[in-house]
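[1] Predicted model, plus sequence, below.
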Amino acid sequence: MEDLEEIQELIEKINNRDYKSKEYQVMKIEELSAELRDAMKFQQESYQRIEELKEKGVKEDLIKYAKTICGNSVEREIIKIQDVYLEKIEDEYIKSKKK
């Protein structure tokens with residue numbers, strides 16, 4: 001039963017990750033880089049925890065659901081950060097070429 005509670009808590013943690021309210025457009029490149037690393041680390045740790053719970057025998061449907069939630073929401077966050085990050089790098093590159 002403890003493992004069931006753990007997977008439910010992990011799913012809640014993934015679902016409650018607050019990235020929508022962050023204003024990536026106003027962040028500096030360094031801040032975006034840190035946000036990107038943080039999101040990727042969170043995703044990696046979440047997948048690792050899901051695998052550990054799978055090995056403990058947590059119901060397969062909950063494991064699939066957790067993987068789907070993690071993949072969808074965290075991947076969405078990573079893509080959003082990457083888009084802004086690459087746009088800012090491109091802008092900086094264009095500015096440096098004009099000088």
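    Nice, thanks for sending it over. Numbers count the residues shown, from 1 in each chain.
[2] Against residue 42, how distant is the residue nearest the centre of the chain?
    The centroid of the chain falls nearest to residue 74 when counting by C-alpha atoms, centre = their mean (3.1 Å). Distance, residue 74 to residue 42, using C-beta to C-beta, to the nearest Å: 6 Å. For every residue, glycine as well, the C-beta is placed using N, CA and C.
[3] Which neighbours do these two have in common?
    Overlap of the contact sets of residue 74 and residue 42 (by C-beta atoms under 8 Å, 6 or more residues apart in numbering) consists of residue 17.
[4] The one helix or strand residue 88 maps to packs against which elements?
    Counting by DSSP states H and E, the element that carries residue 88 is helix 75-98. Judged by 3 or more C-beta pairs under 8 Å, 6 or more residues apart in numbering; DSSP states H and E, helix 75-98 is in contact with helix 29-55.
[5] helices or strands up against the helix it packs on?
    By 3+ C-beta pairs under 8 Å, 6+ apart, helix 29-55 packs against helix 2-15, helix 60-69, helix 75-98.
[6] which outside residues touch the second one?
    Around helix 60-69, the neighbours that count as contacts under C-beta under 8 Å, 6+ apart are 4, 7, 8, 10, 11, 14, 15, 46, 47, 50, 53, 54.
[7] before we move on, what about the longest one?
    Surrounding helix 75-98, the residues in contact under the criterion C-beta under 8 Å, 6+ apart are 17, 19, 24-25, 27-29, 32-33, 35-36, 39-40, 43.
[8] List only buried entries from the residues you listed.
    The neighbour count (16 or more other C-beta atoms under 10 Å) marks 17, 19, 24, 27, 32, 35, 36, 39, 43 as buried among the contacts of helix 75-98.
[9] correct me, but the fourth one touches residue 33?
    No - in this structure residue 27 lies outside contact range of residue 33 using C-beta atoms under 8 Å: 9.4 Å.
[10] What residues sit buried inside the helix holding residue 88?
    For helix 75-98, by 16+ other C-beta under 10 Å, it's 77, 78, 80, 81, 84, 85, 88.
[11] Reformat these as TSV; add pLDDT and distance to residue 59.
    Converted to TSV, these look like this (pLDDT from 0 to 100; distance: C-beta to C-beta, whole Å):
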residue	pLDDT	distance to residue 59
77	91	26
78	94	27
80	93	31
81	94	32
84	94	38
85	94	37
88	92	43
